[in-house]
Every structure is written in C-alpha cells, then in structure tokens.
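Enquirer: quick one, structure for this:
(one chain, ligands or ions: 2)
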Amino acid sequence: MTSSIAENELQSHFEATISADLRVEPRDWMPEGYRKTLIRQIAQHAHSEIIGMQPEGAWLTRAPSLRRKAILTAKVQDEAGHGLYLYSAAETLGADRGDLTDKLLDGRQKYSSIFNYPTLTFADVGVIGWLVDGAAICNQVPLCRSSFGPYARAMIRVCKEESFHQRQGYELLMTMMRGTDAQREMVQESVDRWWWPALMMFGPPDDRSPNSEQSMKWRIKRHTNDELRQRFVDMSIPQAEALGVTFPDPDLRWNAERGAYDFGEPDWSEFMQVIAGNGASSVERIANRRAAHENGAWVREAATAFARRASTKENAR
Ligand SMILES: [Fe+2]
Ligand SMILES: [Fe+2]
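Expert: Ligands and ions are numbered 1, 2, ... in the order given. Okay, here's the model as predicted:
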C-alpha cells in the first residue's frame with residue numbers, strides 16, 4: 001500500500017518534470033516504459049553511428065586526393081565518437097554495452113536502414129554528407145531538447161559535428177559540379193540513388209508509426225516523422241537548385257496554399273525489406289561489425305585486466 005502511494009508520487013513528480021520541460025536525469029525515478037523506449041532509441045542511434053562509418057569508410061583508401069582523404073577520415077572518426085557518446089548515454093539508463101553489441105550483431109536491435117545501401121562512386125561521399133547527414137540533422141536538432149538529460153546533451157555536440165559533415169559533403173559536390181560532364185553525371189546519378197532512401201530515414205508515415213505518440217508525450221521526440229520529412233524536403237530543394245541537380249520525383253512541386261513542397265510517396269515496401277535485413281549491403285555491414293568486434297577482443301581483455309588490477313590495488317590500500 002505504502003509503496004503504491006510512493007510510486008504514485010514518483011509518477012506525478014516525473015510527469016511534472018516532463019511538462020515543465022525540465023530534464024530527467026539518470027538517478028531520477030522514471031517509468032519502466034520510458035527507460036525501455038530510451039534504451040531502444042539511443043541504442044538504435046548508437047548502432048547507426050558506428051555502422052554508418054562503413055559506407056564512406058569504404059572510400060578512404062580510394063579518395064582522389066590527400067585533402068579529401070583527410071576530410072573523410074575526420075568525418076568517419078566523428079561518427080565513431082557519436083557512437084561512443086550514445087552508448088555512454090544508454091549506459092546511464094542501466095543498459096550494458098556488451099549486451100547492446102550482442103543485440104546489434106544478432107539482429108535484435110536495428111540501425112538506420114540507410115546504411116544498408118552500397119556506396120558505388122566517390123560522389124556518394126558527397127551525397128551522404130549532404131542528404132544523409134542533412135536528414136540526420138533534421139532528426140537530431142529537436143533531440144537536443146529531448147527530456148532525457150544525457151541524450152539531449154550528447155545531441156548538442158553531435159549536431160555541431162553533423163553540420164560540419166553536411167557542409168563538407170555539399171562542398172565536395174559543388175567542386176564536382178564545377179568539373180567535367182562525367183563528374184556532373186556522377187553527382188546526379190548518386191542523388192538519384194540516395195534521395196528516396198534519405199526520405200525513408202524519417203521512419204514510416206505517422207499513421208503507421210507505432211511508438212511515435214508515446215514518445216511525443218514523453219518529450220523524447222518533439223516532431224512527428226512526417227513533419228520532419230517535410231522540413232527536410234523544403235530545406236533540400238533550394239540546395240539542389242543551387243547545386244544544379246534534380247530529385248527523382250515527378251510529384252515534387254511548390255504548394256502555395258500549404259507554403260511547402262508536395263512530394264511523392266517513398267516505396268515503403270522497399271523500406272520494410274531493408275529493415276528486415278534484406279538491403280543490398282545488410283549482410284556485409286553486420287559481418288564487418290562482427291569481425292571488428294572479434295578483432296578488438298584483446299583490447300577489451302587488456303582494458304578490463306588493467307581495471308581489475310587497479311581496483312585490487314585500490315582495495316589493498
Ligand atoms: Fe553522426
Ligand atoms: Fe555525420
């Protein structure tokens with residue numbers, strides 16, 4: 001009886017924190033559903049950051065100049081850092097890092113479907129920076145105000161770096177567009193392949209997005225999938241015009257009444273296929289991740305051996 005009164009008080013304190021737009025911190029009481037939703041979302045986000053190193057990482061050894069190689073190396077390293085902040089944020093909720101890795105490797109946790117598409121040309125490096133990091137920014141800027149403190153704070157730093165990523169991608173494409181016809185064609189061909197997968201990054205339409213409503217109530221999310229997708233389309237069109245490329249969507253046109261662009265429907269059956277692990281690069285991505293994890297076993301063993309020794313010494317004092 002007493003415990004249920006206490007529980008009610010904790011619940012109303014939690015709700016008051018959320019509605020006052022204050023942050024929930026790791027040691028605060030929180031409903032189990034909130035904790036589970038956050039662990040799932042943050043883990044999926046962390047996995048996306050590190051799996052996302054692969055499509056562009058594949059071009060590190062084939063970058064056309066030392067300058068491009070240095071930029072791309074910095075970008076790919078940033079993504080590893082994003083993964084680290086996010087895994088750390090998940091750990092503050094009581095998640096175990098090793099357990100999250102196992103869930104990624106055996107498919108119990110997902111990562112963004114965008115990273116299951118292959119990178120076929122160097123233009124893909126530019127288009128990923130422009131459109132994929134651009135879509136990530138649209139998704140992540142509102143997360144800087146997410147109700148869970150460690151997630152919100154991680155997002156502030158991540159977003160600063162993402163905006164550098166987007167600019168480097170756009171600058172690379174600008175350079176290619178000032179080059180030869182073959183380079184311009186390469187950029188357009190790449191845009192044609194990435195446009196629809198980029199729109200899918202915002203998740204299924206609102207009426208088919210099962211977790212959205214509760215996440216909005218908890219202020220983990222601030223905007224619906226469709227709102228963010230619209231924002232991304234409206235933002236990208238002037239950038240495409242400045243660049244001199246088009247998007248492969250015959251339904252794309254300005255709607256003066258709505259004050260926004262109308263656009264076509266992504267192929268959601270393709271999205272479901274890729275989510276189910278049938279993307280062109282799905283098997284390769286997980287195989288690479290597994291190999292990296294296995295090759296890193298000695299580092300984890302050495303690190304924990306040192307930590308064990310340090311704590312025994314500490315206790316002996
Ligand atoms: Fe990132
Ligand atoms: Fe990025």
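
Enquirer: residue boundaries of the strands in this protein?
Expert: In the chain, the strands defined using DSSP state E lie at 253-255, 260-262.

Enquirer: hmm, I51 is touching F115, no?
Expert: Yes: with contact defined as Cβ atoms under 8 Å, I51 reaches F115; the gap is 4.9 Å. Quick note: C-beta positions are derived from backbone N, CA and C, even for glycine.

Enquirer: identify the contacts common to these two.
Expert: Shared contacts of I51 and F115, defined by Cβ atoms under 8 Å, 6 or more residues apart in numbering, comprise R285.

Enquirer: if we can go back for a sec, just say which of the strands of the chain is most tucked in.
Expert: Mean neighbour count, computed with mean count of other Cβ atoms under 10 Å, is highest for strand 260-262 among these, reaching a mean of 15.

Enquirer: got a list of what the residue of the stretch 101-250 of the chain found nearest ligand 2 touches?
Expert: Per Cβ to the ion, H165 is where the stretch 101-250 of the chain lies closest to ligand 2, at 3.8 Å. Applying Cβ under 8 Å, 6+ apart to H165 gives the contacts K75, D78, G129, D133.

Enquirer: now the second one. Nearest residue, chain neighbours left out?
Expert: Once flanking residues are discounted, D78 sits nearest to E161: 4.7 Å by Cβ to Cβ, 6 or more residues apart in numbering.

Enquirer: I figured that neighbour was touching V76, is that so?
Expert: No: applying Cβ under 8 Å as the test, E161 and V76 come out as separate, 11.6 Å apart.

Enquirer: mind checking which of these two has more residues around it?
Expert: Counted by other Cβ atoms under 10 Å, E161 and V76 do not tie: V76 has more neighbours, with 20 against 16.

Enquirer: can you check the pLDDT for the more buried one?
Expert: pLDDT, V76: 97.

Enquirer: equivalent analysis for A276, please.
Expert: pLDDT, A276: 85.

Enquirer: same deal with L252?
Expert: 97.

Enquirer: and for Q140?
Expert: 93.

Enquirer: thinking it is in contact with I156, fair?
Expert: No: using Cβ under 8 Å as the test, Q140 is too far from I156 to be in contact (9.5 Å).

Enquirer: so if I had to pick from these two, which one is more boxed in?
Expert: Using other Cβ under 10 Å, the more surrounded residue of Q140 and I156 is Q140, with 20 against 13.

Enquirer: quick check on the contacts of H165: which are buried?
Expert: K75, D78, G129, D133 (16 or more other Cβ atoms under 10 Å).

Enquirer: excluding chain neighbours, what is closest to the third one?
Expert: Sequence neighbours aside, G169 is the residue nearest to G129 in space, at 1.8 Å (criterion: Cβ to Cβ, 6+ apart).

Enquirer: please apply the same query to I128.
Expert: E56 is the one closest to I128 (Cβ to Cβ, 6+ apart), at 5.9 Å.

Enquirer: quick one, what contacts that neighbour?
Expert: L72, K75, V76, T119, D124, V125, I128.

Enquirer: and the last one, what does it touch?
Expert: For I128, the contact set (Cβ under 8 Å, 6+ apart) comprises P55, E56, T119, G169, W194.

Enquirer: most neighbours out of the residues you listed, which is it?
Expert: Top of the contacts of I128 by neighbour count (other Cβ under 10 Å): G169, with 25 neighbours.
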